[in-house]
Structure formats: structure tokens, C-alpha cells
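**Q** Take a look and give me a structure for this.
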Amino acid sequence: MHFVINMANEKITRLLVEQNPSWKAPFKIGYKDRSIYPSIKRLLKEPQIISLCGLRRVGKTTIMKKLMEELLYKNAPDSMLYFSFDDFAQTELFPVLDAFGELHGKEPKFLFFDEIQKVPNWAEKVKLLYDSGKYKIVVSGSESLFLRKGSRESLAGRIYEFEVKGLSFREYLGFVGMSDMAKKPVLYAAELKAALEKYILCGGFPELIGKQDHSLASQHVKSSIIEKVIFVDLPRLYPIENPSQLQSIFEIVSENPGMMVDFTSLSRELGISRQTLSKYFECLESAHLIVKLYNFSKNRITSEKKLRKFYPSFPPALLWGSPDKARLGKLMETVCVLCSGAKFFWRDEHKNEVDIVLSAGGKLTPIEVKYRASPQKSSGLAQFCRKYKCSHALVVTEDTRGKKADFAEITYLPVYEFLLQLG
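**A** Next comes the predicted model:
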């Protein structure tokens, strides 16, 4: 048994050395600007834990390493410890700290734990480290970090949470050296429209930018992200009897973005109980594979009771192949929903509908995505504006730009320009 323990510790030590190259040589990463980064960086001086969650491969680890690079300007390399639990699940935190001590003869000041949710009872252990007052702690997870009952309560007041999403269109332009074009969208309309198509094909995943082989990129998303989440990550956290049913549900949503889900009807079609189906949707949402929109109402309880819409959490062009014009419209709607961070759509009993309802500071902005050369008048926008007394509405188009006074002031914007306004 003693030999087994030593072998385990030896593996931790080897991984620590591999994962912390800054201990041996100057540390520099290939970082490109993310809009969320300044908000995270500001909290490095605060004592609270920083947590980053989001779908696999969206850039959480790169952000963590950028924070480390930031700290290295004023701190010694051997003051920080980075460890990824992604392929080393069930490892305890304290042997990792012990291995650091053996290597450096002291304790670290900064702890960076990647894929922390794979550590059994991680929240309680991180709380012990935080309460010692010795460390600044940054953690990340590919699933929502507070799935287990009691985790959030145990860290209440001790943690700041950030969701890292796929690249926005503006971020993508920065990655490919086209940021200046975003300042003059009318002048560079043709270039931005072409860039938008390439942005959608990378799915918002930084590592897929510029990949020419669409089939290889698609296979990478399926095997390294979707299947790993569904068949490896989620079964570790939930008692999932049949992960292939999770995969089927995700495929249904990705094939039909914006589908309104009636759990009773769909459960009959899939041959599983309504309770199980509801739980599986929650699993996929917690793993950041799908996003949910509520049917807007000023009464929160009413919104909760109505049918909800679901979208994949990244543009599904990677999974579709070449979409026809009709599906291209759904694809653009998905991009607008994801990049706007929308929480609501609207549909009334007469099937008048608005794709997106944004609410900020008590102001409602209804948005329709009409990806066509000559967008038609929207009865849904008209009904919504009358019902909620909105003075302004937005129609996202393929190329049309302008304003029109009707039931409200309607602004028409090409989709690439709308995405740039979101930041």
C-alpha cells in the first residue's frame, strides 16, 4: 500500500511540473482579448474565490493562465500553483499542495484549480483552504459548479462566479485581426458579412478559428466536447441511466434551435418519463450544452408556467453541414440569442411571437431576426409593443439598415452590425 501511495504522489509531482512551466522558464501565453477578462482581473486583489464555469473548450484555462501571467509581474513563479483535474479525477486537493511543498519547500500564495468539480466534495475542501487565509484561489469547471446540494451555501460570501461563453463576434474579429473594421461597419459591410460566416463555422470555439476542414472541426466538437460532456462528465455527477438519451435530446435541440418544448408530449415520443426528461434537460443546461428562454411576462410565476424555448449553446453550423436559406435564418436567430444573452422570447395565445425580449433597467426591447433581403412586417412585434407600450423595436436583417416609424420606432440592422453593438 505504501508503494501505491508513493506512486500516486509521484504522478501528482510529475503533473505539477508539467503543468507549471513558469517554475523553470519565463511564462508567456498566446492570449487575445476577451470582454469578460477585465471584470475578472479586478477581483485578483480581493480575498474571495474566483470561479469560472462554461462549456468545454471556450477558453477558461487560457483566462486562468492569463491571470497567472498578470500575477507574475509582481510575484515569484514559485508563489503560484496550477493543477488541472480534467484527466486526474478523484485526486484530493491536499496531496497536490503537499507535492508543491516537496518541490519548493514552502506553501504557494495563489491556487489555480482547473476542472475542480471532479474533486469529491470540492466546495468543502476549497472552503477550508479559503478560511485558512493563506491563499488567493481561482477555480474552473465545465459544468455548473454548484450542482451538489449545499455547495453554494458552504461558499456563500466567499466566491465570485463568472460564466465564460464562446467567442462573441467582436471577440472573433479581434482574434483574426479585423478589430478596426468593427469601427466602421457600413464601410466594411462585405468584409464583416464574410467574417460572420467564418465565425459561425468555428462555433465560437477559439481553437477552431481558421480550420479549413469542416468535417474534422465537426468531429472535434462531437468527440471532444459533446460526447465527453454527455458520456463522461455528466454521469459522474448525476445518476444517469442512459446517456445516449441525453445525446438524443441534445441532437433534437441542435437540429431544431428555438424549439418550444412540451415535456409531456416529448416524453411520450422518446419513451421516457416526463420527470426523467425534465431532469435530462436540466443536466444539459447545467453542462452548458443548451440554453433556455422563458416566455416573457411581467409576472415571473406566469413565465415559469409557460412552455420554454431551447437552443444549443453554440451555433450548430458545425453539426449541420451547409444549411439552406430557411435553416440559415434559424442559425442567425441562434447566434443572436446566444450573443445577446437573452433570457426571454414572447408568444401569445394567438401565436404572435417575438424571437428575443431584452430587459434592462426596466426598459423592454423586442427583437425579431429576419435574415432575408427584404424583411416583412412583424405582427408579433406590433402586438408586443402595443401590449407592453414599447416605443422602440429592433429587426435584425441580412443587409437592410434604417429606421421606420410605425406602431413604434423600428430600427433595422444587419446581423453583423447588431452583434457588434452587443460587444
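
**Q** Centre-most residue in the chain?
**A** With distances taken as CA atoms, centre = their mean, the residue of the chain nearest its centroid is residue 165 (3.0 Å).

**Q** Do I have it right that that one meets residue 338?
**A** Yes. Between residue 165 and residue 338 there is a contact under CB atoms under 8 Å: 7.4 Å. In this view, the C-beta of every residue, glycine as well, is placed from N, C-alpha and C.

**Q** Give me the common contacts of the two.
**A** 204, 313 (CB atoms under 8 Å, 6 or more residues apart in numbering).

**Q** Quick check: residue 352 vs residue 407, distance?
**A** Here the distance between residue 352 and residue 407 works out to 12 Å (CB to CB, to the nearest Å).

**Q** what's residue 266 in contact with, if anything?
**A** Residue 266 touches 252, 277, counting by CB under 8 Å, 6+ apart.

**Q** can you count the residues close to residue 325?
**A** As a burial measure, residue 325 scores 9 neighbours (other CB atoms under 10 Å).

**Q** tell me the pLDDT at it?
**A** On pLDDT, residue 325 comes in at 73.

**Q** quick one: secondary structure of the residue nearest to the centre of the chain?
**A** Local secondary structure at residue 165 is given as coil here, using DSSP: H, G, I helix; E, B strand; the rest coil.

**Q** Show the backbone phi and psi for it.
**A** With angles defined as degrees, to the nearest 10, residue 165 sits at phi -100, psi 170.

**Q** ok, now residue 347?
**A** Torsion angles at residue 347 (phi, psi; degrees, to the nearest 10) stand at phi -150, psi 130.

**Q** please renumber so the chain begins at 51
**A** Sure, I'll start numbering at 51, so the last one becomes residue 397.

**Q** How much space separates the nearest residue in space to it that is not next to it in sequence from residue 346?
**A** Closest residue in space to residue 397, ignoring its immediate chain neighbours: residue 403 at 4.4 Å, by CB to CB, 6 or more residues apart in numbering. Note on residue 403: its distance to residue 346, by CB to CB, is 11 Å.

**Q** if I pick residue 456, what's in contact with it?
**A** By CB under 8 Å, 6+ apart, the contact set of residue 456 is 427, 432.

**Q** Residue 436 versus that one, what's the distance?
**A** Distance of residue 456 to residue 436, computed by CB to CB: 11 Å.

**Q** And residue 124, by the same measure?
**A** Distance from residue 124 to residue 436, by CB to CB: 58 Å.

**Q** Quick check on these two: which one has the bigger neighbour count.
**A** Each of residue 124 and residue 436 has its neighbours counted (other CB under 10 Å); residue 436 has more, 11 against 7.

**Q** Name the nearest residue to that one, sequence neighbours excluded.
**A** Per CB to CB, 6+ apart, closest to residue 436 is residue 457, 6.3 Å.
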